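S.K.: 3D, please:
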Amino acid sequence: MTKFDLPSFTKPEFELVAIHPEHFLPCGSVLPIFHSTNSTPTLYVTAKDRCLRESPSPNSPRLPSFCHVTKRSNPFEHLNVFLVALNAEIKFQRYLHIIGLNPPTTPLPADVLDLMHLTIKLVEQLYWQPVSTKGSQGEEKTKPGHRRKFHFPDDMDLETRKEYGRALMSGHGILLPFHPHESSPLNMFTR
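M.R.: Have a look, this model is predicted:
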């Protein structure tokens, strides 16, 4: 059972991962970060190791992780850690696919790639294949003839459903009418 009152959920720390740092901060651009203890920002640049650091040197301090500051009185201002992870997983999957086809001359640091793979693994664990128990509501919904509000084709596997969800969340393409008899759910999108 997941305990949602743990600090991982109530006060999560986030890390900015610039998967294309040279495009994120092009031509010597800087990222100013204001800390609450100082009115002067710390400037971060793309370092030689493709991390965001205080100078181009790979030995200079990296951009630290951060917390999303919210008012305690309004719970709706909290970032949903699951949606942040899902969004990151979409970007990371796409990036890893791109570099698999065309590897960069200088790869991202190993710890950044590890974070990407851990995020992907986390999201895979969020998408579990539910198993209904005898007498549960899930068993009723899996009986033949039961109509769901949104119906995937019976032969659509979990991986295809995940890809469909990623495509919807990524904002690429527009949703066209869904016809269950089409050979591929990817036919539902256009660019």
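S.K.: which helices and strands does the strand or helix carrying residue 87 pack with?
M.R.: In the assignment (DSSP states H and E), residue 87 maps to helix 81-101. Where contact means 3 or more C-beta pairs under 8 Å, 6 or more residues apart in numbering; DSSP states H and E, helix 81-101 is packed against helix 110-126, helix 158-170. C-beta here means a position set from N, CA and C on the backbone, and glycine is covered the same way.
S.K.: reformat these as JSON lines; add mean neighbour count.
M.R.: Below are these laid out as JSON lines (neighbours: other C-beta atoms under 10 Å):
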{"stretch": "helix 110-126", "mean neighbour count": "14"}
{"stretch": "helix 158-170", "mean neighbour count": "14"}
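S.K.: return the member of these having the minimum mean pLDDT.
M.R.: Lowest mean pLDDT within the helices and strands packed on helix 81-101: helix 158-170, at a mean of 72.
S.K.: so which of the helices and strands packed on helix 81-101 gets nearest residue 136?
M.R.: helix 158-170 (19.6 Å; C-beta to C-beta).
S.K.: could you measure from residue 16 over to residue 42?
M.R.: Distance, residue 16 to residue 42, using C-beta to C-beta, to the nearest Å: 13 Å.
S.K.: same deal with residue 9?
M.R.: Distance of residue 9 to residue 42, given as C-beta to C-beta: 28 Å.
S.K.: with residue 63 instead?
M.R.: Taking C-beta to C-beta, one finds residue 63 at 9 Å from residue 42.
S.K.: related to what we said a few turns ago, how about a markdown table for the helices and strands packed on helix 81-101, with distance to residue 84 added?
M.R.: As requested, these are exported to a markdown table (distance: least, C-beta to C-beta, whole Å):
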| stretch | distance to residue 84 |
| --- | --- |
| helix 110-126 | 9 |
| helix 158-170 | 12 |
